[in-house]
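Asks: Predicted model follows, preceded by the sequence.
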Amino acid sequence: MSELPMSIYKAAARYKPIETNGLTLYPVLVREYEHFLMARPALEVMHQSLPVAMMRMPLLSALYQIDYEAVLNGKPHTGLFSRALLALALALRLGEGQETDKRVNAFQVAVDREKPAKLMCLRFTDAAGKKHEISPAAYANLRQIIAAQNGVKLESDMANPDLVQAEKDIASASELKLNANIEDWISAVSALTGTTEEEIDEWPILKFQRRSDSYQRILSYIVCGVGECSGASWKGGNPVPHPFFAKRKDGSGVLSALGGSADGKQPAPPPAATAIREFTQNLSP
């Protein structure tokens with residue numbers, strides 16, 4: 001997975017549309033959050049978690065072939081290929097307001113005549129009537145941009161899928177059993193920001209997530225500060241030591257993270273920029 005240009009990350013951080021390969025990708029809005037949750041697993045899937053035979057082909061081709069062969073053999077399919085198409089439809093704003101299946105079917109799936117399990121490209125027509133094609137190779141770049149625009153963290157190609165899943169399982173096991181739903185979440189952010197729910201519906205998902213995270217961090221900072229004043233302590237120190245910045249996993253402080261330190265020494269250069277964090281039937285040759 002190649003690194004995106006810094007200009008892409010900056011545009012994503014300001015919720016701007018991003019043009020690439022003749023396409024315009026838009027950040028998904030809060031009003032389409034439920035659709036985005038359906039599409040998200042296709043963005044997050046790790047290429048190296050797929051069967052070995054699929055790891056040498058582009059990710060979109062692999063997802064297509066896996067689901068195609070499952071359907072052909074009468075077995076349950078993963079649905080990841082259709083979810084990938086839904087992610088594209090959301091980012092391209094195809095079929096806004098329509099049901100999920102209609103948005104997915106905005107794409108025509110072109111396959112090899114001799115080998116129908118081989119995906120050649122996706123074809124679609126935009127709102128202006130212009131025809132486009134997306135190759136499996138091009139999808140790899142689009143996936144990264146869509147992830148950056150919508151706060152999805154993509155794992156490195158070098159990451160171990162088993163370890164990543166184990167971390168997710170541990171995190172899930174430690175989570176409180178909450179009756180979580182998007183409407184209550186929107187209402188909470190509305191109350192904290194003084195913004196109406198209707199206005200928040202038109203926010204990009206990334207903006208909504210970042211505002212929500214900021215308020216949660218500020219509130220947690222206050223709670224932890226009060227706790228410290230009352231004698232509370234935590235293994236590894238205060239989990240929320242600053243109202244604006246999240247604590248780094250290595251435990252280093254804010255000054256270090258911003259390029260300086262309390263003793264005036266210069267830290268090592270920061271790493272390269274990283275990302276901000278059901279099966280269609282209209283096959284055609």
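Replies: Received, thanks.
Asks: What's the local residue count around residue 231?
Replies: 6 (other CB atoms under 10 Å). The C-beta positions use only the backbone N, C-alpha and C, and glycine is treated the same way.
Asks: On the three-state scheme, it is what?
Replies: Here residue 231 is recorded as coil under DSSP: H, G, I helix; E, B strand; the rest coil.
Asks: can you tell me which residues contact it?
Replies: Residues counted as contacts of residue 231 (CB atoms under 8 Å, 6 or more residues apart in numbering): none.
Asks: likewise residue 186?
Replies: Contacts of residue 186 by CB under 8 Å, 6+ apart are 30, 197, 200-201, 208.
Asks: Would you show me how to pick out the buried ones of these in ChimeraX?
Replies: Selecting only the buried entries of the contacts of residue 186 in ChimeraX, with 16 or more other CB atoms under 10 Å as the criterion:
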select :30,200,208
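Asks: In helices only, show me the contacts of residue 186.
Replies: 197, 200-201, 208 (DSSP state H).
Asks: Turn these into a markdown table, including pLDDT and distance to residue 179.
Replies: Putting the ones in helices among the contacts of residue 186 into a markdown table (pLDDT from 0 to 100; distance: CB to CB, whole Å) gives the following:
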| residue | pLDDT | distance to residue 179 |
| --- | --- | --- |
| 197 | 97 | 18 |
| 200 | 97 | 20 |
| 201 | 97 | 21 |
| 208 | 96 | 19 |
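Asks: now those as JSON lines including distance to residue 126?
Replies: Shown next, in JSON lines, are those (distance: CB to CB, whole Å):
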{"residue": "197", "distance to residue 126": "30"}
{"residue": "200", "distance to residue 126": "27"}
{"residue": "201", "distance to residue 126": "24"}
{"residue": "208", "distance to residue 126": "26"}
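Asks: Out of the residues you listed, which is nearest to residue 75?
Replies: For the ones in helices among the contacts of residue 186, the minimum distance to residue 75 (CB to CB) is 37.7 Å, reached by residue 208.
Asks: So that closest one sits against residue 201, correct?
Replies: No. The pair residue 208 / residue 201 is not scored as a contact, 9.5 Å apart, by CB atoms under 8 Å.
Asks: shared neighbours, those two?
Replies: Common contacts of residue 208 and residue 201 (CB under 8 Å, 6+ apart): 30, 186.
Asks: Tell me where this protein has strands.
Replies: 18-20, 23-25, 108-111, 119-125, 131-134, 283-284 (DSSP state E).
Asks: any chance of these in JSON lines, plus mean neighbour count, distance to residue 214 and mean pLDDT?
Replies: Below are the strands of the chain laid out as JSON lines (neighbours: other CB atoms under 10 Å; distance: least, CB to CB, whole Å; pLDDT from 0 to 100):
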{"stretch": "strand 18-20", "mean neighbour count": "14", "distance to residue 214": "24", "mean pLDDT": "96"}
{"stretch": "strand 23-25", "mean neighbour count": "18", "distance to residue 214": "25", "mean pLDDT": "97"}
{"stretch": "strand 108-111", "mean neighbour count": "18", "distance to residue 214": "41", "mean pLDDT": "96"}
{"stretch": "strand 119-125", "mean neighbour count": "19", "distance to residue 214": "36", "mean pLDDT": "97"}
{"stretch": "strand 131-134", "mean neighbour count": "14", "distance to residue 214": "35", "mean pLDDT": "97"}
{"stretch": "strand 283-284", "mean neighbour count": "11", "distance to residue 214": "45", "mean pLDDT": "42"}
